[in-house]
Each structure stands twice: as C-alpha cells, then as structure tokens.
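[1] Structure for the following, please:
(one chain, ligands or ions: 1)
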Amino acid sequence: MMRIARLKVRRGEGEAVPRYDEFAVPFEEGATVLDALLWIRVHADPTLAIRYSCINANVCKTCTIAIDGKVGYACTTRLVADRQMTLDPLPGKVQLRDLVAETRPSQSD
Ligand code: FES
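    Now for the predicted structure:
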C-alpha cells in the first residue's frame, strides 16, 4: 500500500536563519529517507543537494544527516507515514548546500 511521508528539508547555503522546504513523498513500506530524497530530485526538485555513495550498505557514511535532530544514515533510516520528519545537514559542520555539510577536517581539527 502506498503511504505518504512528509519531509521538511533544510535548504540553502549556510544562511543564519534556517530555511526549509516541505515535500510529500509517496513510498512503499520499508523505503528509506534516501529513497525519498532521490524521489524528490526526480519528481519535485532536481536542485536538491544530497550526498550518498553506497546507497544501502551503511558503509560509506556519506549520507549521514540529522533526522529529527538525531544523527543517522539516510540510506538505512526508514520512512514513516503521517508524521513529519525534519532533515538537516550534519550538525556542528558548515552547511555547503541543502543537506550537504563540509565533512573534510578543518585546519584546526
Ligand atoms: S549511502 Fe553509504 S552509508 Fe548511506
């Protein structure tokens, strides 16, 4: 049965005041946050910046974002129906664009 996930996604390039876009994404039980972000890029907004590489193996860690304030992998976190999920780039890092944060170590690290 098709369900609808409601995602509130951080946008922009490090603005002081966070800006979010909201998307309603149809999904099948078992689909992940990364599946929804890829759906958004194809069907709603091709400009959405995300980062991932291994897709569903929990290995590359490049899809790490904040999901409802908790750090997690977009590719393994399951979508839920009828509740809004808020997605932010990794906390404590510089937002480069949308859900992509600067993950290279800075000079001071
Ligand atoms: S895409 Fe590699 S861990 Fe999520």
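
[2] Identify the residues contacting the closest residue to A5 other than its chain neighbours.
    In this structure, A5 finds its nearest non-sequential neighbour in L79, 4.2 Å apart by CB to CB, 6 or more residues apart in numbering. Bear in mind the C-beta positions are built from the backbone N, C-alpha and C, glycine included. Neighbour list for L79: 3, 5, 25, 27, 31-33, 35-36, 85 [criterion: CB atoms under 8 Å, 6 or more residues apart in numbering].

[3] Show me where this protein has its helices.
    Counting by DSSP state H, the chain has these helices, from start to end: 33-43.

[4] picking up where we left off before, any idea how far A57 is from the residue nearest to A5?
    Noted for L79: a distance of 18 Å to A57, by CB to CB, to the nearest Å.

[5] Check E22 too.
    29 Å.

[6] ok, now V25?
    The value you get for V25 to A57, if CB to CB is used, is 22 Å.

[7] neighbour count winner among those two?
    A side-by-side neighbour count of V25 and A57, using other CB atoms under 10 Å, places V25 first with 21 against 10.

[8] That one touches R3, doesn't it?
    No - contact criterion CB atoms under 8 Å: V25 and R3 do not qualify, at 9.3 Å.

[9] List, one by one, the residues from the chain near the ligand.
    Proximity of the chain to the ligand, by CB under 6 Å from any ligand atom, involves residues 52-55, 58-63, 73, 75.

[10] what about K8, neighbour count?
    Counted by other CB under 10 Å, the residues lying close to K8 total 14.

[11] Specify the beta-bridge partners of it.
    Note on K8: beta-bridge partners by DSSP bridges are E22, T86.
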